[in-house]
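Enquirer: With the sequence up front, the predicted model follows.
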Amino acid sequence: MPTRLTPPAARHILFLLTQDLESPSGLGRYWPLARCLARRGHTVEIAALHPAWGGLSPRAFERDGVRVRYVAPMHIRRAGARRSYYGPVALLAVTTWAAWALARAAVRSRAGCLHIGKAQPMNGLAGWFTARLPGRQLYLDCDDYEAESNRFGAAWQRSVVRWWEDRLPRAARGVTVNTTFLRERCRRLGVPAERLRLVPNGYDPQRFAPPSAGQVAAVRQAWGVDVQPVILYLGSLSLSNHPIGLLLDAWEQVRSARPDARLRLVGGGEDYDRVAQLVAARGLQPSVRLMGPVPPEQAPAAYAASQVVVDPVAADDTARARSPLKVVEALACGVPVVTGEVGDRAAVLAGHDVGRLVTPDSASALAGGLLAVLADPRPAAERAERARQAAAPYRWDNLVSEFEQVYAG
């Protein structure tokens, strides 16, 4: 078991989240962060929303020293691989309920540190209001450009999110961000440098322990591959955030050069059916298959079952603001990555020779990068070791101290 470290001043921290702990941000950022803080002697609580609220049980539990309570529905619904959105009237009712429930959870908690996870109106209003109570301090974590990366049904919804996203950083005692783009944005909003700290996305070394050969073989069998090389996309199937069309354009070029290669799309999202239609319309089956979401405990085996992980990106602010989990997680599993040279991706990959940085928005560049990695003559064990070395600085048990410095400031 890991050694329990006692920080100079233990804190009581409540995270206010607008998503569940199995969402990309929940599973990849807030849950491992909360666990690491608890192991280091802090009292940690999470109040969160859930996309399957109606059938959720239990709604409160304690795990690994962290107390978790789901208090209201999320602003989207999830059923299996698919997500759907509320209409305008229902959305207003759900978001009002969520803000009230998060505020009530914060009032009832004895936490002195209220940490908003994502600058959105629901948790932003709850945190801003309860931070006025004696002994409370407000902190904010920005891991996306919310006004650009979310899908909105009306312009007023985007305006409300943008209003909160611009004002919450100035109201917080300390602000954490996961990319240099968001750090510079907060600086332009007037956040003093001493209240601002960059903490990229990381990985939990316990969750990403090497899978067994049997686990990897089971994944490849489920994917319908034997000895064929596999290119893996693991992430949200949301066309507004992830240019899956660009990947499919690149895949047609990859397939021409490497007919033996296979592309597996693992994940769910609001555009799951649309992506399936695009694959069918282009006649890309069976070389391309949608596999649906993978249970969190199977993600390491999914990465390890692949020869290369692909992260298609456009040269836009959504990509610049995102610290992609799949890049760090793939490297932690010893798998090279091909992605666009946008934002902080170069800081993760450059100098390690563990994949390819390519021109964004270019299907030919993306295809060329994938083909180059597939043709790499070096032994797989050597490439895997280089990848793990590149991922090592992004372990959450290393990154957690950055948050402790924010609370101590």
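Expert: Here it is on my side, so go on.

Enquirer: tell me the SS of the residue sitting furthest away from the middle of the chain?
Expert: In terms of distance from the mean C-alpha position of the chain, P134 ranks first, at 33.4 Å (C-alpha atoms, centre = their mean). At P134 the chain is in coil, as set by DSSP: H, G, I helix; E, B strand; the rest coil.

Enquirer: Report the separation between A52 and P73.
Expert: Between A52 and P73 the distance, using C-beta to C-beta, to the nearest Å, works out to 9 Å. Placement of C-beta: from N, CA and C, glycine included.

Enquirer: per-domain residue ranges of this protein.
Expert: In the assignment given by automatic domain parsing, the structural domains of the chain cover 12-199, 213-394.

Enquirer: and stretch 207-222, average pLDDT?
Expert: Across stretch 207-222, pLDDT averages out at 95.

Enquirer: outside of that stretch, which residues touch it?
Expert: Counting contacts by C-beta atoms under 8 Å, 6 or more residues apart in numbering, the residues outside stretch 207-222 that touch it are 32, 226, 230, 291, 296-302, 304-305, 329, 332-334.

Enquirer: Toward the C-terminus, what is the element adjacent to the longest helix seen in the chain?
Expert: The residue-count maximum for a helix in the chain (DSSP state H) belongs to helix 88-108. Proceeding C-terminally, helix 88-108 gives way to strand 113-117 as the next helix or strand, assigned by DSSP states H and E.

Enquirer: Could you identify the helix or strand that succeeds that following strand?
Expert: Towards the C-terminus, the helix or strand next in line after strand 113-117, according to DSSP H and E, is helix 121-130.

Enquirer: Okay, angle between the helix or strand just after that following helix and helix 121-130 too, please.
Expert: Tracing the chain C-terminally past helix 121-130 and defining elements by DSSP H and E, one meets strand 137-142 next. Interaxial angle of strand 137-142 relative to helix 121-130 (axes from the mean of the first three to the mean of the last three C-alpha atoms, to 10 degrees): 160 degrees.

Enquirer: what helices or strands is strand 137-142 leaning on?
Expert: Other elements packing on strand 137-142 under the criterion 3 or more C-beta pairs under 8 Å, 6 or more residues apart in numbering; DSSP states H and E are strand 113-117, helix 121-130, helix 155-171, strand 174-177.

Enquirer: Could you identify which of these is most buried?
Expert: Each of the helices and strands packed on strand 137-142 was assessed for mean neighbour count using mean count of other C-beta atoms under 10 Å. The highest is strand 113-117, with a mean of 27.

Enquirer: In contact with P200, which residues?
Expert: When contacts are counted by C-beta under 8 Å, 6+ apart, P200 touches 178-179, 323, 328, 344, 347-348, 394, 399.
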